[in-house]
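# 3D, please:
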Amino acid sequence: MSSEELARRVSHRVGYRGRLLTLEVDRVIEPGGVEVEREVVRHPGSAVILPITVDGDLVLVRQYRYAVREFLWEVPAGHMEAGESPEEAARRELVEETGYYPRRLEKLLDFYPAPGFTDERMHLFRATELEERGPRPEEDENIEIRLFGVNEALQMISAREIRDAKTLVALSFLEEQPSGR
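Residues are numbered from 1 along each chain as shown. Model prediction:
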């Protein structure tokens, strides 16, 4: 696609600048010629980790998510700090949230969780050869850590016990196990 086919910004303002996110409001002319206002949440990007123990169990975390006012089961994840690579963020977040350090980290893909309003890019990794080091949650994090068999985690999707998008994407890389757990 050539640059002429992309939206053209007519005006720009910052509506909010926070510690993690910035909300920008742009007036643009879309490729079809229509002029519209677009609100965009700018985000530094995130690392998402699918941790698998030597026994083949998954490490999931349960935490309260204020925006949806629910406790959710999720794969560990977190935003990238300034100057931090996705791999560095994945290692840091996994240790912080679960206490496991991955000796092996494999990039599976990167994806946009909500491109209709944010530029956040999530980098998904499979973490294996885990070493227990003890969790180091941030002050505002109250995290429950639990191991799940692959089949159990996949069944949680059908039972609507897992509803977090990044976790659904991560678990799509798993295959049902014959053992039943």
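# can you tell me which residues contact the residue nearest to Glu96 when sequence neighbours are not counted?
Nearest residue to Glu96 in three dimensions, chain neighbours excluded: Arg136, at 5.0 Å (C-beta to C-beta, 6 or more residues apart in numbering). From N, CA and C alone the C-beta is placed, and that goes for glycine too. Going by C-beta atoms under 8 Å, 6 or more residues apart in numbering, Arg136 touches Val95, Glu96, Gly99.
# Do a quick rundown of the helices in this structure.
86-98, 150-158, 165-171 (DSSP state H).
# burial of the residue nearest to Pro44 when sequence neighbours are not counted, as a residue count?
In this structure, Pro44 finds its nearest non-sequential neighbour in Met80, 5.2 Å apart by C-beta to C-beta, 6+ apart. Residues near Met80, counting by other C-beta atoms under 10 Å, number 21.
# Repeat that for the one 10 residues further on.
Using other C-beta under 10 Å, Ala90 has 29 other residues around it.
# On the strand side of things, show who the nearest residue to it once chain neighbours are set aside bridges to.
The shortest distance from Ala90 to any non-neighbouring residue, by C-beta to C-beta, 6+ apart, is to Ala47 (3.9 Å). Counting by DSSP bridges, Ala47 is bridged to Gly78, His123.
# hmm, back to that, just the pLDDT at the residue nearest to Glu96, thanks.
Note for Arg136: predicted pLDDT of 76.
# Phi first, then psi, for it.
With angles defined as degrees, to the nearest 10, Arg136 sits at phi -140, psi 70.
# Kindly provide the distance from it to Val95.
From Arg136 across to Val95, the span is 6 Å (C-beta to C-beta, to the nearest Å).
# wait, doesn't Phe125 sit right on Ile49?
Yes - using C-beta atoms under 8 Å, Phe125 is in contact with Ile49, at 5.3 Å.
# What is the burial count for Asp108?
Wrong residue type there; residue 108 is Leu, not Asp. As a burial measure, Leu108 scores 15 neighbours (other C-beta under 10 Å).
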